[in-house]
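1. A structural model of the following input is requested.
(chains A and B)
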Amino acid sequence: MESATDPNCVAPNSSKTQDKGLALLKYVLIGVVFGIVFVKAEIISWFRIQEMFRLQSFHMYGVIGSAIVTGIISIQLIKRLNIKSIHGEKINIPTKVFKKGQLIGGFIFGLGWAITGACPGPLFAQIGSGYTVILVTLISALAGTWVYGRFEKYFPN
Amino acid sequence: MNQFIEWISQPWPWYVAGPMIGLTVPALLILGNKTFGISSSLRHICAACIPAGIPFFTYNWKKEIWNLLFVLGTAIGGFIAMNFLANPEPIAISEATQADLKGLGLSNFADLMPAEIFNWDNLFTGKGVLFFVIGGFLVGFGTRYAGGCTSGHAIMGISALQWPSLVATICFMLGGFFMTHVLLEPLMKLVGF
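-> Residues are numbered from 1 along each chain as shown, chains lettered A, B, ... in the order given. Here you go, the predicted model:
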């Protein structure tokens, strides 16, 4: 239950209904579409991330920017039209609380993003695409997550 | 059908890809009352595999299994796109970037990923340590410390008009600019490029 209220958890689960069995397949399918887009729009490309950080192409800014615009419109529609989830629940978007981690941790993630050319989503898509050595990057990312969790109380927040 | 495959095999422009990624936000909200965020999957894997009694990893991760299924789907999507919808042409990287990267010692721009960096032969070398081990660690540590990554903060958080996510996103970009423009060249020299 901790994850439902934990501000550290960025993808909190507000659902009161627990999907079981085949109902869980929908998350795989959304992920599949997501993974295909990642490869087809070359978002998994280390080169595209370099272009972005060197301000030499609009591509990644266009992708992230139009994703945000789509997200804003969607959430406004959900709120204003009071759209419910398919289980009839009121859709809940937990409020993010400001903490120092967003500054320090954010900067650290940015350093890693420019080295690996991947944020966590593309890591999975890269592995699926056949860049199997990225498994090592994923294991390191898990180690980084674990170390943060283990020593959480020592980091300013 | 062949024409369709040919058409879909072209690289997709940003104005197709971006909205499709953005639609993940309402899809997850409406289909499951779930908040979009991928780096959480790393936390759930830690919680499932090596919780070690650490409070940060002691929670009911099984309730979050949807997140792990989502990233499994992402990997499957990568497989499908690469094996059935792949673009036969080399990736079109901007010439300015190619020139900059040549200056850093890269010469192969044919693939989505630079072949000179991302291969198993580099694993036990300085290149592997920098690009896989250190890079991956910073991604995992930084996203968890920041409470999210590009999906959870930049896309989900800003879409929900949450200013802490905008702050986080600005810091992601600052970190990336600093690495790209200040640290990357000396680090790449150090590992033998």
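
2. quick one: the nearest residue to B:Phe193 once chain neighbours are set aside from B:Met179, how far?
-> With CB to CB, 6 or more residues apart in numbering or on different chains as the criterion, B:Phe193 has its nearest non-adjacent residue at 3.4 Å, and that residue is B:Gly105. In short, each C-beta sits where N, CA and C put it, glycine included. As for B:Gly105, its distance to B:Met179 is 16 Å (criterion: CB to CB, to the nearest Å).

3. neighbour count winner among those two?
-> B:Met179 (21 against 13; other CB atoms under 10 Å in any protein chain shown).

4. follow-up on the earlier one: and the residue nearest to B:Phe193, that's in a helix?
-> No: secondary structure of B:Gly105 (DSSP: H, G, I helix; E, B strand; the rest coil): coil, not part of a helix.

5. quick one: it and B:Leu187 touch, right?
-> No: in this structure B:Gly105 lies outside contact range of B:Leu187 using CB atoms under 8 Å: 11.6 Å.

6. how many neighbouring residues does A:Gln126 have?
-> 32.

7. what ranges do the helices span in chain B?
-> B:2-9, B:14-22, B:24-32, B:40-49, B:65-84, B:95-103, B:126-128, B:135-146, B:158-159, B:163-178, B:184-190 (DSSP state H).

8. export those to JSON lines and tack on distance to A:Ile43 and mean pLDDT?
-> Listed next are the helices of chain B as JSON lines, based on distance: least, CB to CB, whole Å; pLDDT from 0 to 100:
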{"stretch": "helix B:2-9", "distance to A:Ile43": "16", "mean pLDDT": "83"}
{"stretch": "helix B:14-22", "distance to A:Ile43": "7", "mean pLDDT": "97"}
{"stretch": "helix B:24-32", "distance to A:Ile43": "13", "mean pLDDT": "96"}
{"stretch": "helix B:40-49", "distance to A:Ile43": "17", "mean pLDDT": "97"}
{"stretch": "helix B:65-84", "distance to A:Ile43": "11", "mean pLDDT": "97"}
{"stretch": "helix B:95-103", "distance to A:Ile43": "15", "mean pLDDT": "97"}
{"stretch": "helix B:126-128", "distance to A:Ile43": "23", "mean pLDDT": "97"}
{"stretch": "helix B:135-146", "distance to A:Ile43": "15", "mean pLDDT": "98"}
{"stretch": "helix B:158-159", "distance to A:Ile43": "17", "mean pLDDT": "97"}
{"stretch": "helix B:163-178", "distance to A:Ile43": "14", "mean pLDDT": "98"}
{"stretch": "helix B:184-190", "distance to A:Ile43": "20", "mean pLDDT": "97"}
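
9. most tightly packed of these?
-> With neighbours taken as mean count of other CB atoms under 10 Å in any protein chain shown, the helices of chain B reach their highest mean count in helix B:135-146, at a mean of 29.

10. do it and chain A come into contact?
-> Yes: applying CB under 8 Å from any CB of the partner chain, one finds helix B:135-146 touching chain A at B:Gly135, B:Gly136, B:Phe137, B:Leu138, B:Val139, B:Gly140, B:Phe141, B:Gly142, B:Thr143, B:Arg144, B:Tyr145, B:Ala146.

11. any idea how far A:Asn92 is from the nearest residue to B:Pro51 once chain neighbours are set aside?
-> Closest residue to B:Pro51 apart from its sequence neighbours, by CB to CB, 6+ apart: B:Phe57 at 4.0 Å. Per CB to CB, B:Phe57 is found 24 Å from A:Asn92.

12. comparing these two, which residue is more hemmed in?
-> Legend: neighbour count by other CB under 10 Å for B:Phe57 and A:Asn92, higher for B:Phe57 (21 against 15).

13. next SSE downstream of the top helix by length along chain A?
-> Criterion DSSP H: the longest helix present in chain A is helix A:59-80. Per DSSP states H and E, the first helix or strand lying C-terminal to helix A:59-80 is helix A:101-116.

14. just the C-alphas of that following helix, formatted as CSV.
-> Output of helix A:101-116 as CSV, limited to C-alpha atoms (Å, rounded to 0.1, in the frame of the first residue of the first chain):
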residue,chain,number,x,y,z
GLY,A,101,15.9,15.1,-5.4
GLN,A,102,14.2,16.6,-8.5
LEU,A,103,17.1,19.0,-8.7
ILE,A,104,20.0,16.8,-7.8
GLY,A,105,18.6,13.4,-9.0
GLY,A,106,17.3,15.1,-12.1
PHE,A,107,20.8,16.4,-12.9
ILE,A,108,22.4,13.0,-12.2
PHE,A,109,19.9,11.3,-14.5
GLY,A,110,20.6,13.9,-17.2
LEU,A,111,24.3,13.0,-17.0
GLY,A,112,23.5,9.3,-17.5
TRP,A,113,20.9,10.0,-20.3
ALA,A,114,23.6,11.7,-22.4
ILE,A,115,26.1,8.8,-21.8
THR,A,116,23.7,5.9,-22.5
